[in-house]
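>>> with the input below, show me the fold.
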Amino acid sequence: MLERSFYNILGCDKSYTESRIVVFGAPFDGTTSYRPGARFACSAIRNESYSIETYSPYQDKDLEDIFVFDAGDLELPFGNAEKVLCQIEAFTAGILKDGKIPLMLGGEHLVSLGAVRAAVKFHKDLHIVHFDAHSDLRDEYLGETLSHATVMRRCWDLVGDGRISQFGIRSGSRDEISWGREHVHTCFFNFDELDHIADALKDKPVYFSVDLDVLDPSAFPGTGTPEAGGVTFHELLKAVEKASGLNIVALDLTELAPTLDPTGASTSLACKLLREVLLYVYK
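Below is the predicted model of the structure:
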């Protein structure tokens, strides 16, 4: 049985045994291609979440009424992306084996690959719903096949054609966007096609990955690779509500870089979104 984190994310203070969702941090940004700092997101969310009420007026629900366990942050090695992914995979697999839903806090987006590696072993028909500004479909970036710029391509290696649905995409190289049109479903700039995809995936196991830079930098400047033209917080919240109706077996929130927003507003937004995600996904 896992021990509670000393500093719990607000409301996530139930025991491992009784909890349905297990939150844990993956503080790694070793392949960040522009501005580093995502490794500090997990601790920032945990430390600053005390400023957010456990009650959600959006849903008329309270974190105190659900069973969520905060497992703390993994101790991940510097400079070895594959070893990091193996540790994340093993930790996620343990949670899945116990019949619980893992919710991982990044970290850069590459950490999602470790959790997807675990999830696809438990759910052979796994689909991925991916919110992001970037398509992350490059086969390599600067000669590296393991990168936050290649994470969805590596996930495609595991799940194959027609199993990845992307939303909010507004950045990528010509080659990766062209490749993506043949192999994944992409809704550019917004969530307009989410209802259709949600209907198609209604009975499928889903890994839900939210790269927070899907938000416009005016709402969320604290991220390593900001992209103008993003969605608003309310648009993201409505999309999360729709996605939460799916059979979500594992999920993550990635790419907050708290030190890049000295106002603290980006961390506060991430904490509030986490509250809403937990309440939406909890069943």
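>>> which residues of the stretch 51-200 of the chain fall in strands?
Counting by DSSP state E, counting those that start in this stretch, the stretch 51-200 of the chain has strands at residues 55-56, 61-62, 68-73, 101-106, 127-131, 164-169, 185-188.
>>> would you reformat these as TSV and include mean pLDDT and distance to residue 244?
In this view, the C-beta of every residue, glycine as well, is placed from N, C-alpha and C. Shown next, in TSV, are those (pLDDT from 0 to 100; distance: least, Cβ to Cβ, whole Å):
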stretch	mean pLDDT	distance to residue 244
strand 55-56	97	13
strand 61-62	97	12
strand 68-73	96	15
strand 101-106	98	11
strand 127-131	98	10
strand 164-169	98	14
strand 185-188	98	18
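>>> residue 82: which of those strands is closest?
Nearest of the strands of the stretch 51-200 of the chain to residue 82, taken as Cβ to Cβ: strand 101-106 at 16.9 Å.
>>> could you give me the buried positions within the closest one?
Buried residues in strand 101-106, counted by 16 or more other Cβ atoms under 10 Å: 101-106.
>>> out of the strands of the stretch 51-200 of the chain, nearest to residue 260?
Smallest distance to residue 260 across the strands of the stretch 51-200 of the chain (Cβ to Cβ): 14.3 Å, for strand 101-106.
>>> still on that earlier bit, same list (the strands of the stretch 51-200 of the chain) but as a markdown table, adding distance to residue 275.
Conversion of the strands of the stretch 51-200 of the chain to a markdown table gives the following (distance: least, Cβ to Cβ, whole Å):
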| stretch | distance to residue 275 |
| --- | --- |
| strand 55-56 | 6 |
| strand 61-62 | 9 |
| strand 68-73 | 10 |
| strand 101-106 | 12 |
| strand 127-131 | 17 |
| strand 164-169 | 21 |
| strand 185-188 | 26 |
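>>> for residue 211, find the nearest of those strands.
Here strand 127-131 is closest among those (Cβ to Cβ), at 6.4 Å.
>>> by contact count, what packs against that closest one?
When contacts are defined as 3 or more Cβ pairs under 8 Å, 6 or more residues apart in numbering; DSSP states H and E, strand 127-131 packs onto helix 151-159, strand 164-169, strand 205-211, helix 233-243.
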